[in-house]
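Novice: With the sequence up front, the predicted model follows.
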Amino acid sequence: MRPLDVHVNVITPRGDRPIEPLSMRSLTFEVPEEAEVTLHAAEPLTHVTWGEQRDALPTREDARDVPVRRPASNGTLRIQLTGRVGRHTFHVRFASGDERLVTFFVYPAKLHAHANDAWRLLRRMTRRVPLLARDLHVPWTHLASPEDALAFAERPALAAPHLRDFARRLHDACVQYARAPSERATHVPTVIPGGRVPARVDWSRTLDHWGRGGTPDHVAVYTTRVTDTPFARQALALWNALHEAALDTNEAMLLAGLARARTELAGTFELVTTVPLDATSLRPHGVEGALSHLIRAFQGGSAAFDDLPAGQARMSDLYELWVAAEVAAALGATRVHLQEARGHEGRVGRFEGSGVRVEYNVEHLFRGVGSARRFAARPDLAVVFDDGFAFVADVKYRPLENLREEALRDINAQLLRYMGAYHAKLGLALWPSAHRFAPDIDALHGGRAFLGKVRVHPADDPSTIKARLHAALQLARSSKGRS
């Protein structure tokens, strides 16, 4: 049996959607986190195991972070994936006894719906906080030492000289495209009264018009260029990607040049929105072929990236630690004291700075009205300033806008409990919203306390995250409240 006799569909609310393998030589696929997939072949599939240890898949969700085998028929396999991103391997067995290795690279779809952009954002997180890369075993981040693990590393995927080279080549392609005569234009003949013609005269149409009594009018031809084309959309998408990659270089002149080129291109081609980078949307020859090659080079060669994770990790943990580090950096708390959490994955500890302490997953036991210290408060983040001001934050790696009323009520209740335990004036839900928005803060009890949410997303520059956080803090600090 040929390797590609196994086919994979992703189950969506609109039905099954087939996905193509990353490589024509192996059964390797990219799928979104928490996706449900079906595997089918010409010959019935009878058995599946997971991971290097070839563990049997449970048939119900009784084990955390383990893929679940769903009921299926007609010799297919149906697997529910988890929130662990990275590399997942499955050995599938046919009725004949033959076996095949199927690999899924599970990407963080809550950061971006498109795989390439989701991986790019995850890379950006690991470069800011290299400790995130340890469980993923990604080749794009190299840790020099344990002390370096939480350094806010300025290690862009492409250094400034490489970005300038990409920008030069992209500019040359755009110039070549703009100069090329092609089918990307429409010619509109228009009758102009009299003899003063501001455009090119079409003498064949003019003489025909005169023969039908149209003297002295002329027929002019106006050429209208078709601007919203696959080339224009992908060129703008690549300018955007170059500009975002350059944010990590801190080179003002490079950033300004890329931003200017991006704005000029958007104006020239009258583009309002951009699309994800997709080299496959371009023709493989001519100037479109050159742009396609440039996009693939920027992304790392092809869809079958050699820099995809070799390991896996729970994305909610990665996001939570990254948010904690970004919040600490925004507050100047850059002295890090973290350790492995006992009893579960993740880390606990604190970040310290001048006049501020950020506690991360730190559990505080208390007795209250009980007889022993058995009750606990453990917010994701508790921030305490030397002047007594405090705020707590709950980090949510999920789309708050899609949650039911009951789940939102639980989040509010949890934040209020933490605020009471820490005498905090502000409680925040921090989450990777797909939409950019200013901090959404609601005043409670006449302004004596505040509750709200703030977008924290790796697509945003750290300075933007810092500005949003400080805006929320300023609102809470400046309010005197009413008695």
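Specialist: In hand now; what should we look at? Everything numeric in this text was worked out from a predicted model, so none of it was measured.
Novice: Could you pull up phi and psi at the residue nearest to residue 129 when sequence neighbours are not counted?
Specialist: Distances taken as C-beta to C-beta, 6 or more residues apart in numbering put residue 325 closest to residue 129, at 4.6 Å, once the chain neighbours are dropped. Bear in mind the C-beta positions are built from the backbone N, C-alpha and C, glycine included. Main-chain dihedrals, residue 325, degrees, to the nearest 10: phi -70, psi -40.
Novice: wait, doesn't residue 325 sit right on residue 130?
Specialist: No: between residue 325 and residue 130 there is no contact under C-beta atoms under 8 Å: 10.3 Å.
Novice: which one of these two has more residues nearby?
Specialist: residue 325 (25 against 22; other C-beta atoms under 10 Å).
Novice: Buried residues in stretch 10-19, which are they?
Specialist: By 16 or more other C-beta atoms under 10 Å, the buried positions in stretch 10-19 come out as 10-11, 19.
Novice: swap in stretch 100-116?
Specialist: 100, 102-112, 114-116.
Novice: In the stretch 151-300 of the chain, where is pLDDT below threshold?
Specialist: 151-159, 180-192, 194-200, 221-228, 248, 266-275, 299-300 (pLDDT under 70).
Novice: which residues of it fall in strands?
Specialist: Secondary structure of the stretch 151-300 of the chain (DSSP state E, counting those that start in this stretch): strands located at 185-192, 200-201, 218-225.
Novice: Give me the sheet partners of the biggest strand by length in the chain and which way each runs.
Specialist: Identified as the longest strand of the chain according to DSSP state E is strand 84-94. Counting by DSSP bridges, the strands paired with strand 84-94 are strand 45-50 (antiparallel), strand 99-107 (antiparallel), strand 312-314 (antiparallel).
Novice: List the buried residues in it.
Specialist: 84-88, 90, 92-94.
Novice: Out of those residues, which two sit at the greatest distance?
Specialist: Farthest-apart pair in the buried residues of strand 84-94 is 85 and 94; separation 28.9 Å (C-beta to C-beta).
Novice: just to revisit the earlier point, would you tell me which one of the buried residues of stretch 100-116 comes nearest to residue 474?
Specialist: Closest approach to residue 474 among the buried residues of stretch 100-116 (C-beta to C-beta): residue 111, at 27.9 Å.
Novice: My read is that that closest one contacts residue 460, right?
Specialist: No: between residue 111 and residue 460 there is no contact under C-beta under 8 Å: 11.4 Å.
Novice: count of neighbours near residue 96?
Specialist: By other C-beta under 10 Å, 10 other residues sit near residue 96.
Novice: could you give the mean pLDDT of stretch 22-42?
Specialist: The average pLDDT within stretch 22-42 is 85.
Novice: just stretch 103-120 next, same as before
Specialist: When pLDDT is averaged over stretch 103-120, the result is 90.
Novice: what's the span of it from first residue to last?
Specialist: 20 Å (C-alpha to C-alpha, to the nearest Å).
Novice: How is this structure divided into domains?
Specialist: Listed by automatic domain parsing, the domain ranges of the chain are 3-107, 186-223, 313-478.
Novice: quick check, nearest of the buried residues of stretch 10-19 to residue 464?
Specialist: Among those, and counting by C-beta to C-beta, the member closest to residue 464 is residue 10, at 32.4 Å.
Novice: for that closest one, which residues make a bridge with it?
Specialist: Beta-bridge partners of residue 10, counted by DSSP bridges, are residue 17, residue 37.
Novice: list the contacts for residue 442?
Specialist: Listed by C-beta atoms under 8 Å, 6 or more residues apart in numbering, the contact set of residue 442 reads 450-452.
Novice: try 10 Å
Specialist: Residue 442 makes contact with 412, 449-453, according to C-beta atoms under 10 Å, 6 or more residues apart in numbering.
Novice: Doesn't it belong to a strand?
Specialist: Yes: counting by DSSP: H, G, I helix; E, B strand; the rest coil, residue 442 is located in a strand.
Novice: Could you look up the SS state of residue 113?
Specialist: coil.
Novice: Ramachandran angles for it?
Specialist: Dihedral angles for residue 113 - degrees, to the nearest 10 - are phi -70, psi -20.
Novice: Distance check, it against residue 21.
Specialist: 20 Å (C-beta to C-beta, to the nearest Å).
Novice: quick one: the strands in the stretch 351-483 of the chain?
Specialist: 356-360, 364-366, 375-377, 381-385, 390-395, 426-431, 440-444, 449-455.
Novice: Minimum distance to residue 34: which of those strands has it?
Specialist: Of those, nearest to residue 34 by C-beta to C-beta is strand 426-431, at 16.0 Å.
Novice: now the angle from that closest one to strand 440-444?
Specialist: In terms of direction (axes from the mean of the first three to the mean of the last three C-alpha atoms, to 10 degrees), strand 426-431 departs from strand 440-444 by 150 degrees.
Novice: for strand 426-431, packing partners?
Specialist: helix 315-330, strand 381-385, strand 390-395, helix 405-422, strand 440-444, strand 449-455, helix 462-478 (3 or more C-beta pairs under 10 Å, 6 or more residues apart in numbering; DSSP states H and E).
Novice: Sheet partners, orientation included, of it?
Specialist: Assessed with DSSP bridges, strand 426-431 is paired to strand 390-395 (parallel), strand 449-455 (parallel).
Novice: show me the residues around residue 83 that make contact.
Specialist: 33-34, 64-65, 106, 108, 110, 313-317, 397-398.
Novice: Narrow these to those that are buried.
Specialist: 33-34, 106, 108, 110, 313-317, 397.
Novice: From the residues you listed, pick the one nearest residue 244.
Specialist: Once C-beta to C-beta is applied, the member of the buried ones among the contacts of residue 83 that ends up nearest residue 244 is residue 108, at 16.5 Å.
Novice: tell me the contacts of the closest one?
Specialist: Residue 108 touches 32-33, 83, 85-86, 115, 118-119, 121-122, 125, 315-316, 318-319, 397, 432, 458, counting by C-beta under 10 Å, 6+ apart.
Novice: Would you check how far apart residue 128 and residue 163 are?
Specialist: Plainly put, residue 128 is 18 Å away from residue 163 if you go by C-beta to C-beta.
Novice: what's the answer for residue 474, then?
Specialist: From residue 474 to residue 163 the distance is 35 Å (C-beta to C-beta).
Novice: tell me which element residue 30 falls in.
Specialist: strand 28-32 (DSSP states H and E).
Novice: which helices and strands sit right next to that strand?
Specialist: Using 3+ C-beta pairs under 10 Å, 6+ apart, strand 28-32 sits against strand 7-12, strand 15-19, strand 36-40, strand 84-94, strand 99-107, helix 115-128.
Novice: For residue 78, find the nearest of the ones you listed.
Specialist: strand 36-40 (5.0 Å).
Novice: outside of the closest one, which residues touch it?
Specialist: 5-12, 16, 18-19, 27, 29, 31, 45, 48, 67-68, 70, 72, 74-81, 90, 92, 100, 102, 104.
Novice: rerun that using 6 Å as the cut-off
Specialist: 6-11, 31, 45, 76-80 (C-beta atoms under 6 Å, 6 or more residues apart in numbering).
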